[in-house]
Structure formats: structure tokens, C-alpha cells
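In: below are the sequence and a predicted model for it; my questions follow.
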Amino acid sequence: MTSKNFQLPLTGGCQCGQLRYRVIAQPTTLYCCHCTECQAQSSSAFGMSLRVGAGGLELEGRYSAYVRDEGLSTAAEGVFCQDCGSRIIHRGRGDDSGSSVKAGSLDDTTWLEPVGHIWAGSAQGWVKLDGLIYDGQPDDDYAGLIAAFRDRYGNSL
């Protein structure tokens, strides 16, 4: 597969344009998640996530957050526009936590080509999977997905 290159900053936002973001650091990976939570929050068969390290994302505009598992080590925050409700980011709760940008919210999606799939055990039967495939959560702390992204997009910048 060949992919188009991208240049930083990557920009994007919500459906109504009131919440905007800029990805200012090299993303670490791009994958599709087929867990039932991503299926529910995206109202689709999967969610596509562009992972960005802590400090690599700037938000501009009004937003709210839904926090899952408040107070637990699994706590995660879904950031969405207060006006249109579009969810654009999923992130952990710590200061050093990175973000998963909902890749469909990028202004330019022409270069997107996920390097793998997680929670494929929950994937809809009609979805065709390629690249790295994990039945559940990657047990290698995303190392395989990060390496595959670097191989595919490493020369983009």
C-alpha cells in the first residue's frame, strides 16, 4: 500500500467548526478500534484513532468532556464540542497522557491509512481487516502499531 504524506501541523475540528485543534507533534500511530465502546460512541462499526503524545495537541474553542471510570486507573476522557456534540478526542486523565484524535475530524483525511486494528474480536463480520490485527487490547503497549506507523509514515515530515 502507498500512502500520501502529511505535514504538521495537522488541523481539524468538530462538525460545526466551534471546536478546533492542531496536532503539533509527530503522531505515533493510526489504527482502527473495533471495541463495542468505540462502536457506540462513533455510531459506526469502529473508531479511527490518531495517537498523539502529551503536549502534541492544541485545542481552541468551547468543549466538554465525558469521563469514563472516574477515579480509577482506567479513567478516560472523551472531549466533544459543546455546540454540536462531535467527539474529537479520547485521552487518559494524567498530565503525561497522550490523546487519540478521532481521525475523521481532520481537515485533510486523504492520507489516512490505518496500520492496524485493535479489539478485532468485536469487529463487525463484514469489515475487512488488514495490517496488524489484535483480538483485544495490544499487549505490547502499541509497540507494533507504532513501528508500523513509523515504517509507513516516517518520512512524512
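Out: Now that the structure is in, tell me what you want to look at.

In: quick test: name the residue nearest the centre of this protein.
Out: The centroid of the chain falls nearest to Ser49 when counting by C-alpha atoms, centre = their mean (1.9 Å).

In: residue contacts, that one?
Out: Contacts for Ser49 (C-beta atoms under 8 Å, 6 or more residues apart in numbering) come out as Leu30, Tyr31, Cys32, Cys33, His90, Ser100, Val101, Lys102, Ala103. Glycine gets a C-beta too; all of them are placed from N, C-alpha and C.

In: averaged pLDDT, the longest helix seen in the chain. What do you get?
Out: Determined from DSSP state H, the single longest helix within the chain is helix 143-153. Helix 143-153 carries an average pLDDT of 92.

In: next, the buried residues of that helix.
Out: Gly144, Leu145, Ile146, Ala148, Phe149, Arg152, Tyr153 (16 or more other C-beta atoms under 10 Å).

In: how close does the fifth one sit to Ser122?
Out: Here the criterion is C-beta to C-beta, to the nearest Å. By it, Phe149 lies 22 Å from Ser122.

In: what is the least confident helix or strand in this protein?
Out: helix 36-42 (a mean of 84; mean pLDDT, DSSP states H and E).

In: count of neighbours near Val101?
Out: Val101: 26 surrounding residues under other C-beta atoms under 10 Å.

In: quick check, it in a strand?
Out: Yes. Counting by DSSP: H, G, I helix; E, B strand; the rest coil, Val101 is part of a strand.

In: quick one, what contacts it?
Out: Val101 neighbours (C-beta under 8 Å, 6+ apart): Gly12, Tyr21, Val23, Pro27, Ser49, Leu50, Arg51, Val52, Leu57, Ile88, Ile89.

In: just the ones of the residues you listed in strands?
Out: Cross-referencing these against strands under DSSP state E gives Gly12, Tyr21, Val23, Ser49, Leu50, Arg51, Val52, Leu57, Ile88, Ile89.

In: my read is that the last one contacts Tyr66, right?
Out: No. Under the criterion of C-beta atoms under 8 Å, Ile89 makes no contact with Tyr66, lying 11.1 Å away.

In: which neighbours do these two share?
Out: Joint contacts of Ile89 and Tyr66 (C-beta under 8 Å, 6+ apart) are Glu77, Gly78.

In: between these two, which is the more surrounded one?
Out: Just comparing Ile89 and Tyr66: by other C-beta under 10 Å the higher neighbour count belongs to Ile89, 23 against 12.
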